[in-house]
Structures are given as structure tokens and as C-alpha cells.
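Q: for reference, the sequence and a predicted model appear below.
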Amino acid sequence: MKNNPINSSLGIFPKSWSEEHAGRIPGNIPIWVGILSELTEFGIFFVAYFIAKFYYPEVFTQGPQSLHTSLGVTNTIILLTSSYFMAKAMANIRLDNKSKCERYLWLAFFCGCLYLIIKTWEFYWNDLQGFGPSTSEFFTVYYYMTFNHFLHVGWASCAILWVIFRLRSGAYSSKENSGLEALAVYWHMIDLMWILIFPLLYVLR
Amino acid sequence: MKHVGKLEYYLLALIAITLFNTFLGEQFASTTLVTILIALTVTYKGFMVIDHFMELKGANKNLRFLMKLYFTIFPSLIILSAFY
């Protein structure tokens, strides 16, 4: 939000990065510090993927064919839909329509839970096929990336519950909703990471 | 949210691209052309989420630049990996 105290009190960025010079910061600065840190973490995983693929091309050609692609596709659609619900929640809080905002937050939460259930089933299915983190270099990268992403969806889903509690207690309105918006941009970041993970692990051979 | 009605369109487009990518991966061997196509669609999907769901279009230009740079660098590495 414009003139949000939490955005103007952190003098850790150059002046050219301020809201006055570069434009509005969705959410707040702390959540963006978190998001950029998470992007760096996932970036290291992606670099590790490309290095491993360079040294073990055969393993990375065979690996995706061993996975349950339908579960990966389903989870991609679920996460994209959850991002849509989150965007709708933001649209509704700006109209001061709190009941609709809460409904969309619950839908996003259920999408998060569904993702976690399907991903758990996928790990179980892999186990039944005899695949584990030490099966091959591909599966090592696969488990590092997907389990890390699984954790992010898990705690962000818990954060949705917290935001729903805050919404019910009247913390958010059309004028002040930076906390809700911070969760929204974080949730979209998790969706973005899956947009990169999905083709790397399930599609490209 | 300037165009609430457009969100549904963006969601459908993102799902359609995902299904198209999966079809390419399942039906064709990963030729250089298929890999480039998938990388470009990943960039496009990323840009859509960054601009319309994350709402960085018209917001902080530095954050938008960093996010878009991320979704340019890694799909570029996907293209590079096609030439291993």
C-alpha cells in the first residue's frame, strides 16, 4: 500500500527502489525479501538440475518417463487454480466484500491441501515402483525440488488459515490489506516455482 | 485488480498451455524444437502470473524486472540444455 509504514521504515534499499520512484510494492518489503530469498534457493536447485543433466543426460532422459505424469499435470492445474482464487480474494477485499474474499481464501486453502494429498500419493506411488531419492541422480534432484516445494505449499496453506482468522477479526479492508496481499504474492511465487519445476521434471526428456 | 473479468481468461490460458506442454512432452521426443517451444511457453506462463495474478504490471518496476529476469534466465537454460 502507498505510504505503508513497513515499506517506508526499512532504509535498506537505494532511493531509486522506493515506492515513490519505482512504483507500488504489492504486500510489503519484508515479504519481498522473503520471496527473493526463496527464488535464490530454488534458483540453486535449478542450476543443480542443469549441471546434473549435463553430466548424466541418459538418466535425465529416462527419469521423467518413470514418473506419474498425470499427477504432475493435476497438481499444476490445482496450483494455477489456487492462484486464481487468491487473485479473486484480493479483488474482493478491495471491494470490501469480506465474505466473498473469505470464500476464495478457503478455496485456495483447499487447493493447497489437495496439492499436498496428491503429492503425498505421488511419493507413495514412486515408493511402490521402487523409486527413492537415491535411485538415480534424476530422482535425487526430483526429491530435493519437489519435497522443498511441498514444504512451501504446506506452510503457505497454514498462512492462509492465519489470514482467514485475521480477516474475520476485521484486520483487512479495502483501505488496509497489505497483510493479505503479502500472502497473495507469496502464494503466487510458490505457483511460479511449480511452473518451472513441472516441465523440468515431468515434460522435458 | 483492474480487469477482474480477465482473470478467468488467464486461468484458462494457463491450463491450456500446461496441457499443450504435456502433450508435446508425451507425444514427441525432446527435439530441440520441442524444447524451445516448451521453454517459451514457460516464460509466457511466468509472465502472465507475474503481471496479472501477482499484479506487478503497473506496480514496482524493479520487482517486476527481477521476476521477469528470473523467468527469462531459467527458460534460457532449458533451451541451452537442448544442445548438450
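A: Looks like it arrived, so ask away.
Q: which pLDDT value goes with the residue lying closest to A:F138 once chain neighbours are set aside?
A: Excluding the flanking residues, the one nearest A:F138 by C-beta to C-beta, 6 or more residues apart in numbering or on different chains is A:G63, at 3.0 Å. Glycine gets a C-beta too; all of them are placed from N, C-alpha and C. pLDDT, A:G63: 93.
Q: residues touching A:G63, list them.
A: A:S136, A:F138, A:F139, A:Y142, A:L201 (C-beta atoms under 8 Å, 6 or more residues apart in numbering or on different chains).
Q: name the element the fourth one belongs to?
A: So the one you mean is A:Y142. Using DSSP states H and E, A:Y142 falls within helix A:137-168.
Q: buried set for that helix?
A: For helix A:137-168, the neighbour count (16 or more other C-beta atoms under 10 Å in any protein chain shown) marks A:137-143, A:145-146, A:149-150, A:152-153, A:156-157, A:159-160, A:163-164, A:167 as buried.
Q: what of stretch A:47-58?
A: In terms of neighbour count (16+ other C-beta under 10 Å), stretch A:47-58 has its buried residues at A:Y49, A:F50, A:A52, A:K53, A:Y56.
Q: give the contact list for the closest residue to chain B within chain A.
A: Taking C-beta to the nearest C-beta as the measure, chain A has A:V203 as its residue closest to chain B, at 3.4 Å. Listed by C-beta under 8 Å, 6+ apart, the contact partners of A:V203 are A:P64, B:N21, B:T22, B:L24, B:G25, B:I38.
Q: closest to A:W17 among these?
A: Distances from A:W17 to those, taken as C-beta to C-beta, are shortest for B:I38 (33.6 Å).
Q: okay if I get the buried residues of stretch A:47-58 as JSON lines plus distance to A:K88 and secondary structure?
A: Output for these, formatted as JSON lines (distance: C-beta to C-beta, whole Å; DSSP: H, G, I helix; E, B strand; the rest coil):
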{"residue": "A:Y49", "distance to A:K88": "33", "secondary structure": "helix"}
{"residue": "A:F50", "distance to A:K88": "36", "secondary structure": "helix"}
{"residue": "A:A52", "distance to A:K88": "39", "secondary structure": "helix"}
{"residue": "A:K53", "distance to A:K88": "38", "secondary structure": "helix"}
{"residue": "A:Y56", "distance to A:K88": "43", "secondary structure": "coil"}
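Q: tell me which element the residue in chain B that chain A sits nearest to is part of?
A: Closest to chain A within chain B is B:G25: 3.4 Å, counting by C-beta to the nearest C-beta. Using DSSP H and E, B:G25 sits within helix B:6-27.
Q: and A:P133, by the same measure?
A: With secondary structure defined by DSSP H and E, A:P133 is part of neither a helix nor a strand.
Q: quick check: it touching A:Y143?
A: Yes. In this structure A:P133 lies within contact range of A:Y143 using C-beta atoms under 8 Å: 4.2 Å.
Q: farthest residue from the center of chain A?
A: No residue in chain A sits farther from the centre than A:E58, which is 30.0 Å out by C-alpha atoms, centre = their mean.
Q: the host helix or strand of that one versus helix A:137-168: what angle between them?
A: Following DSSP H and E, one finds A:E58 within helix A:57-66. Here the directions of helix A:57-66 and helix A:137-168 differ by 50 degrees (axes from the mean of the first three to the mean of the last three C-alpha atoms, to 10 degrees).
Q: report the backbone C-alpha coordinates of stretch A:133-144 in PDB.
A: C-alpha atoms of stretch A:133-144 as PDB (Å, rounded to 0.1, in the frame of the first residue of the first chain):
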ATOM      1  CA  PRO A 133      16.000 -40.200  -3.500                       C
ATOM      2  CA  SER A 134      19.000 -42.500  -4.100                       C
ATOM      3  CA  THR A 135      17.600 -44.300  -7.100                       C
ATOM      4  CA  SER A 136      19.500 -42.100  -9.600                       C
ATOM      5  CA  GLU A 137      20.800 -38.500 -10.000                       C
ATOM      6  CA  PHE A 138      17.400 -37.600 -11.500                       C
ATOM      7  CA  PHE A 139      15.500 -38.800  -8.500                       C
ATOM      8  CA  THR A 140      17.800 -37.100  -6.100                       C
ATOM      9  CA  VAL A 141      17.100 -33.700  -7.900                       C
ATOM     10  CA  TYR A 142      13.400 -34.600  -8.100                       C
ATOM     11  CA  TYR A 143      13.100 -35.200  -4.400                       C
ATOM     12  CA  TYR A 144      15.100 -32.200  -3.400                       C
END
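Q: who's in contact with that stretch?
A: By C-beta under 8 Å, 6+ apart, stretch A:133-144 touches A:45, A:48-49, A:52, A:55-56, A:59-60, A:62-64, A:67, A:126, A:131-132, A:201.
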